[in-house]
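> Just a sequence and a predicted model for now, questions to come.
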Amino acid sequence: MMHIEVRTDNHIEGTAKMIDYIRAQLNSEFSRYSEKLTHLEVHFSDINGDKGGDDDKRCMIEARARGLHPIAVTHKAGNIDHAFDGAIEKLHHSFEHAFAKLNGPRHVNKPEWQEETE
């Protein structure tokens, strides 16, 4: 079972409802890795604070899985939902790449093609 921590800076209110939603989404999105994932840590921050601005919300997700170094991804967007969705997408890509490397080359046993002779 993976442990999920959700943290926010002092400009973003981390309500219980938000934290429950984040945990449910991560459990759903990464259920196929549940045997390998041990820890997910999510950090939300407002880069510009009270000033606002485009793409000023940041979501950073750090994942720890058995057999891998920690993987961290960051995504910036105009709101928390888009930042979270972007970070999830990046983490999916990072996992696919990391687990593919861990399992070795895909085509180790290539067939030897022979030309037919008459």
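Structure received. Because the structure is predicted, anything quoted here is derived from the model rather than measured.
> Now do the strands in this structure.
Under the criterion DSSP state E, the chain contains strands at 3-8, 37-46, 57-65, 71-77.
> now what about stretch 84-98, what contacts it?
Contacts to stretch 84-98, defined as Cβ atoms under 8 Å, 6 or more residues apart in numbering, come from residues 22, 25-26, 29-30, 33, 42, 44, 59-61, 63, 65, 68, 71, 73-77. Yep, even glycine has a C-beta here, placed from its N, CA and C like the rest.
> which parts of that stretch are buried?
84-88, 90-91, 94-95, 98 (16 or more other Cβ atoms under 10 Å).
> For stretch 4-15, measure first residue to last.
15 Å (Cα to Cα, to the nearest Å).
> looking at the strands of the chain, which is closest to residue 103?
strand 57-65 (13.1 Å; Cβ to Cβ).
> before we move on, the earlier item: give me the lowest-pLDDT entry from the buried residues of stretch 84-98.
The member of these with the lowest pLDDT is residue 98, and it reads 85.
> what angle separates the helix ranked longest in the chain from strand 37-46?
Counting by DSSP state H, the longest helix found in the chain is helix 80-102. Angle between the axes of helix 80-102 and strand 37-46 is 150 degrees (criterion: axes from the mean of the first three to the mean of the last three Cα atoms, to 10 degrees).
> Tell me what angle helix 80-102 forms with strand 3-8.
140 degrees.
> Compute the inter-axis angle for helix 80-102 and strand 71-77.
150 degrees.
> Just want the angle from helix 80-102 to strand 57-65.
Using the same axes, to 10 degrees: helix 80-102 against strand 57-65 is 30 degrees.
> who touches stretch 54-65?
Contacts for stretch 54-65 (Cβ under 8 Å, 6+ apart): 12, 30, 33, 36-48, 70-80, 82-84, 86-88, 91, 94-95, 98.
> ok so, going back, CA atoms of the longest helix of the chain as PDB?
Only the C-alpha atoms of helix 80-102 are listed here, as PDB (Å, rounded to 0.1, in the frame of the first residue of the first chain):
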ATOM      1  CA  ILE A  80      -4.400  23.800  -9.200                       C
ATOM      2  CA  ASP A  81      -6.500  21.300 -11.100                       C
ATOM      3  CA  HIS A  82      -4.600  21.800 -14.300                       C
ATOM      4  CA  ALA A  83      -1.200  21.700 -12.500                       C
ATOM      5  CA  PHE A  84      -2.200  18.500 -10.800                       C
ATOM      6  CA  ASP A  85      -3.400  16.900 -14.000                       C
ATOM      7  CA  GLY A  86      -0.200  17.900 -15.800                       C
ATOM      8  CA  ALA A  87       2.000  16.500 -13.100                       C
ATOM      9  CA  ILE A  88       0.100  13.200 -13.200                       C
ATOM     10  CA  GLU A  89       0.600  12.900 -16.900                       C
ATOM     11  CA  LYS A  90       4.400  13.600 -16.500                       C
ATOM     12  CA  LEU A  91       4.600  11.000 -13.700                       C
ATOM     13  CA  HIS A  92       2.900   8.400 -15.900                       C
ATOM     14  CA  HIS A  93       5.500   9.100 -18.600                       C
ATOM     15  CA  SER A  94       8.400   8.900 -16.100                       C
ATOM     16  CA  PHE A  95       7.200   5.600 -14.700                       C
ATOM     17  CA  GLU A  96       6.800   4.100 -18.100                       C
ATOM     18  CA  HIS A  97      10.400   5.100 -18.900                       C
ATOM     19  CA  ALA A  98      11.900   4.100 -15.600                       C
ATOM     20  CA  PHE A  99      10.200   0.600 -15.500                       C
ATOM     21  CA  ALA A 100      11.100   0.000 -19.100                       C
ATOM     22  CA  LYS A 101      14.800   0.700 -18.300                       C
ATOM     23  CA  LEU A 102      14.500  -1.500 -15.200                       C
END
